[in-house]
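K.L.:
Sequence first, predicted model second:
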Amino acid sequence: MNHALRHDSSLRSKEQEVASRVVDGEAILINLSTGMYYSMENVSGLVWSMIVAGSSVAHIADVISDRYSIPLAQAEEDVRALVEDLLAEGLIVVGESEPELSSVPTMDELGGQYEPPRLVKYDDMAEMFALDPPLPELPPVSPK
């Protein structure tokens, strides 16, 4: 069941269906049920790390606003747009309650210029990933 996206709702990765790694500030995500893979760089990588930690839209926007010295309203609008994309792709779920305040991942390589976070989608390897998931240590995903 998909809950309405509230300002204080906790966000979580769909751990059984999504494999992800953050390397040098870039998050690489693979939807194991569809074979689609995604890239989230710089600010987006930070947002993904905070989602994996169970943060809310409000908490993520506060951190982005503070770290990049941008207006809170802009940070929230940008984060909300990215979260809507992640929800549409089936990569995250919205929790029912306000999350515990999680620590902000240290990603010192980030900094400099703010770029609105975005999800970059790739489908050129979808068939291969669907037939042979790249992370065999994860449990198999049953088709729906």
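P.N.:
All right, it came through fine.

K.L.:
what about residue 65, which SS state?
P.N.:
helix (DSSP: H, G, I helix; E, B strand; the rest coil).

K.L.:
Now the spatially most central residue of the chain. Nearest residue, chain neighbours left out?
P.N.:
Centroid-nearest residue in the chain, with Cα atoms, centre = their mean: residue 48, separated by 3.4 Å. Using Cβ to Cβ, 6 or more residues apart in numbering and skipping residues adjacent in sequence, the residue nearest residue 48 is residue 27, 3.8 Å away. Quick note: C-beta positions are derived from backbone N, CA and C, even for glycine.

K.L.:
elements contacting the longest helix anywhere in the chain?
P.N.:
Criterion DSSP state H: the longest helix present in the chain is helix 72-88. If you count contacts as 3 or more Cβ pairs under 8 Å, 6 or more residues apart in numbering; DSSP states H and E, helix 72-88 packs onto helix 43-52, helix 57-68, strand 92-94.

K.L.:
now, of these, which is deepest in the fold?
P.N.:
Comparing the helices and strands packed on helix 72-88 on average neighbours per residue, with mean count of other Cβ atoms under 10 Å, the densest one is helix 43-52 at a mean of 24.

K.L.:
What lies in contact with it?
P.N.:
For helix 43-52, the external contacting residues (Cβ atoms under 8 Å, 6 or more residues apart in numbering) are 11-13, 20, 22, 25-27, 29, 40, 59-60, 63-64, 67-68, 79, 82-83, 86, 92, 102, 104-105, 107, 110, 114-119.
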